[in-house]
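Novice: Predicted model, plus sequence, below.
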Amino acid sequence: MRTRLFALIVGIAYVAAGLAGFVPGLSPAHETQDLIVNTAYRDVLGLFPANVLHHLVHLAVGVLGLLAYRTFAAARNFARGLAIVYAVLGVMGLIEAGNLNTTFDLIPLFGNDVWLHLGTAAVAAYFGFGPVPAGAGYAEPSGSRAA
């Protein structure tokens, strides 16, 4: 149940973050980086640099989280995928060479986004790769016994 709850909370949070990016009062506009896509380039809540593509990615992650909430297996796979992808994005945000910290000049990943992505990856890794609680819907393969 905890893994499903994680998927639900992440889903709600990322849908809210994606929508917040489109609300000018919550996301003050400022000078843009030299990005190919600089539409709706803002600091979400004054902290996280984002543009329209970033907002759409947050919405997509949120919707996936809400859909994954339906079953334990889906929620666990969602958490695993989120852990891997967000860890990669967090590391990319640290690397300026080759414009990795702006996803090749498309989506900003620098600043406070780095710790947010790495923190999200760490928590998602716990729920995706951590121990499976009893009664979570995963049965041991037939013929195997715990030693």
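Specialist: Perfect, thanks for sending it. Everything numeric in this text was worked out from a predicted model, so none of it was measured. Numbering: from 1, shown residues only.
Novice: Next up, the contacts around Leu94.
Specialist: Neighbouring residues of Leu94 by CB atoms under 8 Å, 6 or more residues apart in numbering: Asn101, Val114. C-beta coordinates here come from the backbone N, C-alpha and C atoms, glycine included.
Novice: SS state for it?
Specialist: coil (DSSP: H, G, I helix; E, B strand; the rest coil).
Novice: Quick check: it vs Ile84, distance?
Specialist: 17 Å (CB to CB, to the nearest Å).
Novice: How far off centre is the least confident helix or strand in the chain by mean pLDDT?
Specialist: Using mean pLDDT, DSSP states H and E, strand 42-44 stands out as the lowest-scoring helix or strand of the chain, at a mean of 79. Centroid separation for strand 42-44 versus its chain: 16 Å, with CA atoms, centre = their mean, to the nearest Å.
Novice: same question, stretch 90-99
Specialist: 17 Å.
Novice: got the CA positions of that stretch in CSV?
Specialist: Extracted in CSV, the C-alpha atoms of stretch 90-99 (Å, rounded to 0.1, in the frame of the first residue of the first chain):
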residue,chain,number,x,y,z
GLY,A,90,19.8,15.2,-11.7
VAL,A,91,23.3,14.3,-12.8
MET,A,92,22.7,16.0,-16.2
GLY,A,93,21.8,19.1,-14.3
LEU,A,94,25.3,19.2,-12.8
ILE,A,95,27.0,19.0,-16.2
GLU,A,96,27.3,22.2,-18.3
ALA,A,97,29.4,20.6,-21.0
GLY,A,98,27.4,19.7,-24.1
ASN,A,99,24.4,21.7,-22.8
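Novice: mind listing what's buried in that stretch?
Specialist: Gly90, Val91, Met92, Gly93, Asn99 (16 or more other CB atoms under 10 Å).
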